[in-house]
Each structure stands twice: as structure tokens, then as C-alpha cells.
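# Here is my input; please provide its structure:
(4 chains)
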Amino acid sequence: MSNVSGAFVTTDLISVSDLAAQVRSDSAGAVVTFSGDVRDNDHGREVLSLSYEAHPSAQALLEKVAREVAAKFDVVSVAVAHRHGDIAIGEAALVAAVSAKHRKAAFDACVALVDEVKAQIPIWKHQVFKDGTDEWVNCA
Amino acid sequence: MSNVSGAFVTTDLISVSDLAAQVRSDSAGAVVTFSGDVRDNDHGREVLSLSYEAHPSAQALLEKVAREVAAKFDVVSVAVAHRHGDIAIGEAALVAAVSAKHRKAAFDACVALVDEVKAQIPIWKHQVFKDGTDEWVNCA
Amino acid sequence: MSVTVRFFAAARAAAGVNEISMESASAMQILDKAVALHPKLGQVLPQCSYLLNEVSLRDLSVVVTDGSTLDVLPPFAGG
Amino acid sequence: MSVTVRFFAAARAAAGVNEISMESASAMQILDKAVALHPKLGQVLPQCSYLLNEVSLRDLSVVVTDGSTLDVLPPFAGG
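Model prediction:
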């Protein structure tokens, strides 16, 4: 029976090792994790600082996406967290972890979880560049 | 420039968080990890204990596989470790970590790294079951 | 009573305000009026999606009744 | 001088020994003789691959010369 170990939208630091510990199980032979970390550059421009804004519905939608992915794949457990507010270079913005009996389901579910979070969760990224300009990502 | 942060065949405990730390970089936006952990069951039978045997060439071949995967995908860094000897239930037998600018390359390279390790590295798994029987896996 | 229009992320940056209060009308009419008040919104709105009282709104001819909240969401960019 | 044949994993379990010492001959002849000495090897060898002095050996008609090491590797099962 697949389940969701956790789904959090938070301003606190998030860590892939915390999520990995949450999904781990003696019956799971594979744990796959993803950490989406803030880069010091984007399209060749140096990033000075970065923040995310989350819509009030983001937490509930993240829980829904996690449940859907857990139900769709043959996994033991999934967990996902998205941070918002200011995030320092190198820190994680999105982390996901999936445990499964077999590795293919763990990889496939982790890819789907990250894809669906990016597609469905109302969260926005704002970047300030070293050259003084700034942008809301995906909003040309 | 892709590179290999580490490739180890060892009887020591191996940890996916160690490898993730090795591949992390401020220029990498994505880190994907895989942990292949010893399960308490296999094909419905309860596993009592488990050990791996490694051929003397396993270390050199693991380095070769890591270099090939690093060269084939647009990644920042890859790291992989395979443990041998006795391994307790829940402990990791194979761990891999890949960092990349973008998540697709990180996922694809991590899947390939695990697949190639399983296909190319001369390591064997021996399982002892609770019912008193034992088997060398993949050797019916 | 009136309609609350909330702007998020790039839409808020373009509007220069977090939210505005409008009279009941169709969503399209409300958004047209918002652009008239805050012209920079005109570049962002074509990419936006909308929530009416937290539920996705695709048909902008729907009348937004008094007491409702209309959210203006630019393209998501999580992760 | 002689040929060293090393058995790994399931092949070692079937042979009951880690390694044996044989006279120089083709790989096929050496393996046939090993099966004659250790009959349970007969079930494992059809699945095995071989290394001659740590290099993959596909053509079993090759003569294994004195001083060489022939490794018998069951199907890999790492991970």
C-alpha cells in the first residue's frame, strides 16, 4: 500500500536526507531522492539572491500531488517539500524522496513527483542578478 | 566538464548522503541519488542475512563505469559506491549520486549509472532465508 | 461588499499592489479594468491563470459576485 | 608451472573449492575437466563468463598457457 510520508510547503530549511529517512523501510529495496538546489547562475548570468513566493493553496496542492504520485506507481512511500521565502545559493528549494521495492518504480515516481510539482504547484521564483536586474522566472 | 567524485568498492558502511555531499556544487541545480538497500524479503521469502562477494577487478571496473556515465551525460559530477561482505537488513549495498545543472540529465545519468553497475561489475549477492535455504542471486 | 482581486509574483510586480477591490462584473471586465488602472498588467495577464475563490477559473465570462476573491497567477515556477 | 582456475560465488559453491591447478590446454578442455572433477559445476558453467588474466575471454578454444589465471564468473548480481 503506497503512502505519503510527508508533503510540506515551508520557509524552513529543507533537506533530502530528512525526507529519505521518512520514506525508508526494511521492505523497500530502493530509495531515490531529488534535491533542486539554488544555483549561482542562470542562462549564463550570475545570481545574487533568490526567493520563492507560494500561493496560500500551495500546501494543499502539494499534498494532492504527492497522493496522486503515490497511487500511480508501485512505491512504498513518497515525501516532498518545497521551500519559499529567501533561499541562499546552494540550499535546496525542492526536495523529494521515494522508496519502492524495485528501483524502476522509485526512479519513475521521483521523476513524476518533481515534474508534477513544477507543473501544478502555484509557487514562483524571483531571481536578482549581480548585474542589478531581476526577473520572475517563466514570466518573460 | 563532467567528472567522477568517487567510485568505491568497500566492506565499510556506505551512505548516500556522503556521496551527495561529494557531488554537490553551487553550479549544479539538481542532485539525484539512489540507495539500493538490503530488503527483509525477496520474492515473498523472508531474508535472514545477506552478503556480497566482489571480484578483484570490481574496483577498477566501477571507476570505468563511473567515467563512462560522466562522459555520456551533461552532468557536473557522479559518485558511486558498492559494498561487499556481510550487510545487515536496511543497510545500503549500492549507492549513487549525480549532480547536474538540470534535473533531466541528473535523473538519466543516475538511472544509467545504476543499470551499468548492475550489468558490468563482477559482484555477487548471496541470500540466506529464514526457512534455512540460501541462494546466489541470478544463478538459478 | 465588493470583489477582491489578488495579484501574485510577476502580476503583483506589474500591478504595483498586492490586491485591489472592484465592483462585481464578469472576470473579463474586472481584468480589463485592472489593466486600465495598472497598465503594466497588460503584458503579464495573457500568461496568467485564475482562481475564483480558490477554484480554477477558465471561463472569464463568469460573473464574479460580491464577496468573492479572484486570484491572478502567473506561470508557475517552483522547483 | 600450470594454469590456475579460480571459482567465484555460485561457481565456488558448486566446485566446493576456491581454485584448482590444471595443465595447460584450451579453456574448453580445462573447463570440461573441472566439471569431471566437480560435477555440480556442470549446472553453473553454462551461465558463466570467463576472464583470462583479468581480460574477458569469449572464445573458449583459446589455449590457456602455463602461468595464466582463468576466472569463472557466474552472472553478476550487484546492487
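# Low-confidence stretches in chain A?
Regions of chain A meeting the criterion pLDDT under 70 cover residues A:1-2, A:140.
# Count the residues that sit near C:Met1.
9 (other Cβ atoms under 10 Å in any protein chain shown). Every C-beta, even on glycine, is put in place using the N, C-alpha and C of the backbone.
# show me where the chain has helices.
The chain I'm using is chain A. Per DSSP state H, chain A carries helices over the ranges A:16-23, A:58-72, A:103-120.
# meant chain C, my bad for not saying
Listed in chain order, the helices found in chain C under DSSP H are C:9-15, C:27-37, C:41-44.
# got the residue ranges for the strands in chain C?
Defined through DSSP state E, the strands belonging to chain C, from first to last, are C:3-7, C:19-22, C:25-26, C:49-52, C:55-57, C:63-64, C:69-73.
# returning to that earlier point: can you redo the helices of chain A as a markdown table with mean neighbour count and distance to B:Thr10?
Supplementary listing: the helices of chain A in a markdown table, determined by neighbours: other Cβ atoms under 10 Å in any protein chain shown; distance: least, Cβ to Cβ, whole Å:
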| stretch | mean neighbour count | distance to B:Thr10 |
| --- | --- | --- |
| helix A:16-23 | 20 | 20 |
| helix A:58-72 | 19 | 34 |
| helix A:103-120 | 21 | 21 |
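# Of the ones you listed, which is nearest B:His43?
The closest approach between B:His43 and any of those, judged by Cβ to Cβ, belongs to helix A:103-120 at 15.9 Å.
# Low-confidence stretches in chain C?
Looking along chain C with the criterion set at pLDDT under 70, you get no residues whatsoever.
# and the residue of it found nearest chain D, what is it in contact with?
For chain C, the residue closest to chain D is C:Gly79, as judged by Cβ to the nearest Cβ, at 28.6 Å. Taking Cβ atoms under 8 Å, 6 or more residues apart in numbering or on different chains as the definition of contact, the neighbours of C:Gly79 are A:Gly36, A:His82, A:Ala93, A:Leu94, A:Val114, A:Val117, A:Lys118, A:Ile123, B:Arg103.
# From those, pick the one nearest C:Thr65.
If you rank the contacts of C:Gly79 by distance to C:Thr65 using Cβ to Cβ, A:Ile123 comes first, at 28.5 Å.
# number of nearby residues for the nearest residue to that closest one once chain neighbours are set aside?
If you skip the residues right next to it in sequence, A:Ile123 has C:Gly78 as its closest partner in space, 3.5 Å away by Cβ to Cβ, 6 or more residues apart in numbering or on different chains. Applying other Cβ under 10 Å, we find 27 other residues in the vicinity of C:Gly78.
# Could you report the distance from C:Gly78 to B:Ser17?
24 Å (Cβ to Cβ, to the nearest Å).
# again, but for C:Ala15
The span separating C:Ala15 from B:Ser17 equals 44 Å under the rule Cβ to Cβ.
# so what's the residue nearest to the spatial centre of chain C bridging to?
For chain C, the residue nearest the mean C-alpha position is C:Val72 (3.9 Å; Cα atoms, centre = their mean). Listed beta-bridge partners, C:Val72: C:Phe7, C:Tyr50 (assigned using DSSP bridges).
# hang on, it packs against C:Ala10?
No - here C:Val72 does not reach C:Ala10: they are 9.7 Å apart, not a contact under Cβ atoms under 8 Å.
# got the contact list for residue 52?
In the absence of a named chain, this looks at chain A. By Cβ under 8 Å, 6+ apart, the contact set of A:Tyr52 is A:His82, A:Arg83, A:His84, A:Gly85, A:Ile87, A:Ala93, A:Ile123, A:Trp124, A:Lys125, A:His126, C:Gly78.
# Oops, wrong one, chain C.
Under the criterion of Cβ under 8 Å, 6+ apart, the neighbours of C:Leu52 are C:Ala27, C:Val62, C:Val64, C:Ser68, C:Thr69, C:Leu70, C:Asp71.
# ditto for A:Val47
With contact taken as Cβ under 8 Å, 6+ apart, A:Val47 is in contact with A:Val38, A:Arg39, A:Asp40, A:Asn41, A:Ile89, A:Gln127, A:Val128, A:Phe129, A:Lys130.
# Apply 6 Å and report the result again.
A:Asp40, A:Asn41, A:Gln127 (Cβ atoms under 6 Å, 6 or more residues apart in numbering or on different chains).
# tally of neighbours for the second one?
The local packing count at A:Asn41 equals 15, with neighbours defined by other Cβ under 10 Å.
# What is the neighbour count of the closest residue to C:Leu70 other than its chain neighbours?
Nearest residue to C:Leu70 in three dimensions, chain neighbours excluded: C:Val5, at 4.9 Å (Cβ to Cβ, 6+ apart). Counted with other Cβ under 10 Å, residues neighbouring C:Val5 total 25.
# Same question for C:Asn53.
Applying other Cβ under 10 Å, we find 12 other residues in the vicinity of C:Asn53.
# Let me know the distance separating the closest residue to chain D within chain A from C:Leu70.
With distances taken as Cβ to the nearest Cβ, chain A approaches chain D most closely at A:Arg103, which sits 7.8 Å away. Computed as Cβ to Cβ, the A:Arg103 to C:Leu70 distance reads 45 Å.
# ditto for A:Ala93
As it turns out, when the distance is counted by Cβ to Cβ, A:Ala93 lies 28 Å from C:Leu70.
# cool, C:Val55 as well?
Distance, C:Val55 to C:Leu70, by Cβ to Cβ: 11 Å.
# Settle it for me: which of the two has more neighbours?
The neighbour comparison of C:Val55 against C:Leu70 (other Cβ under 10 Å) goes to C:Leu70, with 24 against 9.
# what separates that one from C:Leu51, distance-wise?
Here the distance between C:Leu70 and C:Leu51 works out to 7 Å (Cβ to Cβ).
# A:Val137 now?
Summarising the geometry, the distance separating A:Val137 from C:Leu51, computed by Cβ to Cβ, is 20 Å.
# now what about stretch A:99-107, what contacts it?
Residues outside stretch A:99-107 that contact it (Cβ under 6 Å, 6+ apart) are A:23, A:25, A:28-32, A:73-77, A:98, B:111.
# Kindly recompute the last result at 8 Å.
A:23-25, A:27-32, A:73-78, A:98, A:109, B:34, B:36, B:39, B:107, B:110-111, B:114, D:79.
# repeat for stretch C:55-67
Residues lying outside stretch C:55-67 but in contact with it, judged by Cβ under 8 Å, 6+ apart, are C:1-3, C:24-28, C:30-31, C:49-52, C:70.
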